[in-house]
Each structure stands twice: as structure tokens, then as C-alpha cells.
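S.K.: show me how the following folds:
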Amino acid sequence: MSDADARQDLLDALAEGIDEMAKALATFGEAYELLDENSQDRLEDELFGPVQKAYGRAQRTYNAFAERRGLPTRTFSEVSPGTHARSPREYLERGVEAVDEAEERLIELQDSMMPVTYGDPELRAGLADVRALVASARERSGDFLRTLGR
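M.R.: Here you go, the predicted structure:
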């Protein structure tokens, strides 16, 4: 495998995490519309905001690394929140699951040592920032779901 192929594999792995964050944002957006104002504010602060920041940072990290290495950049699209649900809890649970998946993808990527072997300091810093934001949302998600409606 060439270095260019390995770097593309690294970007593909990062893209999987970005796609999971997009799913989380879509489902959190649907849940937001079904929540009361207090819960909307909490969702924005505790889950949506950190994931939105992580999503933006991950895209910038992806595209900056691709540009530095002469690889194709990518535009990430919005995704569907899935089948319609009447309950905000269903959307929130889907979103939390997507956050969990995003964090798992980032952990797998970092554990693979690909960012060390084929990446650069800027990529590693970007991944660390993204993972911290996603971990923050993941940590808060359990409390958010437990206290929803109280």
C-alpha cells in the first residue's frame, strides 16, 4: 500500500465519524422541534452545540489534511434523521447512538496509529479536538435522557 493510499484510508475512516456526527445533528434537530423551550435550550447546550462544533472541526481537519497531501477534498452533506418519530426521545436516542458511533470511529482511528504514521501534527490536533467535543456530548447524553421532561 502506498502512502497516498494509506492517507486516503485515514481520511475515509475520519469521514465515517463525520457521517455519524451528521446523523446525530439531524436527529437532534428533529428532537428539538418536539421539545419544550427549557429542554430545547439544554439540548442546544449539552448535545447539539458540542456535536455541531465537532462536526465543523472534523470537516476542516479532513479537508485541510487532504489539501496538504494533495488528496481530494470532500463536501459533507446533510443526512436524513431516519423514519419519522412522534417522540423526541426516539430522535434523541438515535442521536446519542450516532454520537457513540462517531466516538468509536474516532477511537479506532486514533488507536490504529494511522494518524501518527501517515498524518501530521495538525491532523492529530484536529482529531484530538474533535474527539474531546464528541466525548463531552457522549458524557452528557445519559444525564440528558434521564432528566428529559423533569
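S.K.: and stretch 121-129, which residues are buried?
M.R.: Neighbour-count burial for stretch 121-129 flags 123, 126, 127, 129 (criterion: 16 or more other C-beta atoms under 10 Å). Just so you know, the C-beta spots here come from the backbone N, C-alpha and C atoms, and that holds for glycine as well.
S.K.: actually, stretch 61-75.
M.R.: So, applying 16+ other C-beta under 10 Å, buried residues of stretch 61-75: 61, 62, 63, 65, 66, 69, 71.
S.K.: so the residue nearest the centre of the chain, which of the three states?
M.R.: Ranked by distance to the mean C-alpha position of the chain (C-alpha atoms, centre = their mean), the top residue is residue 21 at 2.9 Å. Three-state call for residue 21 (DSSP: H, G, I helix; E, B strand; the rest coil): helix.
S.K.: what's near enough to touch it?
M.R.: Counting by C-beta atoms under 8 Å, 6 or more residues apart in numbering, residue 21 touches 51, 54, 55, 58, 98, 99, 102, 134.
S.K.: kindly recompute the last result at 10 Å.
M.R.: Applying C-beta atoms under 10 Å, 6 or more residues apart in numbering, one finds that residue 21 lies in contact with 51-59, 76, 79, 95, 98-99, 101-103, 105-106, 130, 133-134, 137.
S.K.: just the buried ones from those residues?
M.R.: Neighbour counting by 16+ other C-beta under 10 Å classes 51-55, 57-59, 76, 79, 95, 98-99, 101-103, 105-106, 130, 133-134, 137 among the contacts of residue 21 as buried.
S.K.: now, which of the residues you listed lie within helices?
M.R.: Judged by DSSP state H, the buried ones among the contacts of residue 21 include 51-55, 57-59, 95, 98-99, 101-103, 105-106, 130, 133-134, 137 as members of helices.
S.K.: pLDDT below threshold where in the protein?
M.R.: For the chain, residues meeting the criterion pLDDT under 70 lie at 149-150.
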